[in-house]
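[1] Got a sequence here, can you model it:
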Amino acid sequence: MSYAEEAEQELMRLMVQNRHSAFSRLEKSNQGESIVIKFLARYGEPTSPKHLAESLNLSSARIAVVLGSLEKKGQIERKMDPDDRRRINVTLTDCGKNVAKLQKKEMRDKIVQIFKLMGETDTKQFIELTAKFVDYSQQISQKEEGDQ
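    Residues are numbered from 1 along each chain as shown. Now for the predicted structure:
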């Protein structure tokens, strides 16, 4: 087995071993509500449930349940599109925007804590290696797209 295959196995092992970590619990909280809130906050404009489902790789049934829950909590609004009465637009309410800000702050605080534990040298090396990993990943994706 090559070093690259061993590294892949170790990375997968670490991910599976730590799937119940604080980050996973934060990311998976409320079975999709958090990711919908984050997406809407980043997207910044009204969008359709269909677009949400496609963008987040969730089923339309799952999106309907999540949106219903978020609407009950007052975090989103669903309104009919004035230009196309068949279309529903989903937007964050002020409450939803506050939830998104809080979630972002919590995640940033946890990442900062981890980097402090790692120390400056390891953190810089981690960032450099992660940047390389992402760059190589993009190169492979572009090559695959070019081959098609």
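
[2] any idea which residue sits dead centre in this protein?
    Ile35 (5.4 Å; Cα atoms, centre = their mean).

[3] Would you check how far apart that one and Asn18 are?
    Going from Ile35 to Asn18 by Cβ to Cβ, to the nearest Å gives 19 Å. C-beta here means a position set from N, CA and C on the backbone, and glycine is covered the same way.

[4] What part of the protein, helix or strand, is modelled with the least confidence?
    Among the helical and strand segments of the chain, the one scoring lowest on mean pLDDT, DSSP states H and E is helix 22-27, with a mean of 54.

[5] Next secondary structure after the strand ranked longest in the chain?
    Across the chain, the longest stretch assigned as strand under DSSP state E is strand 84-92. Taking DSSP states H and E as the definition, the helix or strand that follows strand 84-92 towards the C-terminus is helix 94-118.

[6] and the angle from that next one to strand 84-92?
    Note on geometry: by axes from the mean of the first three to the mean of the last three Cα atoms, to 10 degrees, helix 94-118 and strand 84-92 are set 40 degrees apart in direction.

[7] buried sites along helix 94-118?
    96, 99-100, 103 (16 or more other Cβ atoms under 10 Å).

[8] Using pLDDT, spot the least trustworthy of those residues.
    By pLDDT, Gln103 ranks lowest within the buried residues of helix 94-118, coming in at 91.

[9] What does the closest residue to that residue other than its chain neighbours show for phi and psi?
    Counting by Cβ to Cβ, 6 or more residues apart in numbering, the nearest residue to Gln103 once its immediate chain neighbours are dropped is Ser34, at 6.1 Å. Backbone geometry at Ser34, expressed as degrees, to the nearest 10, gives phi -60, psi -40.

[10] If anything else comes up later, I'll come back, but that's it for now.
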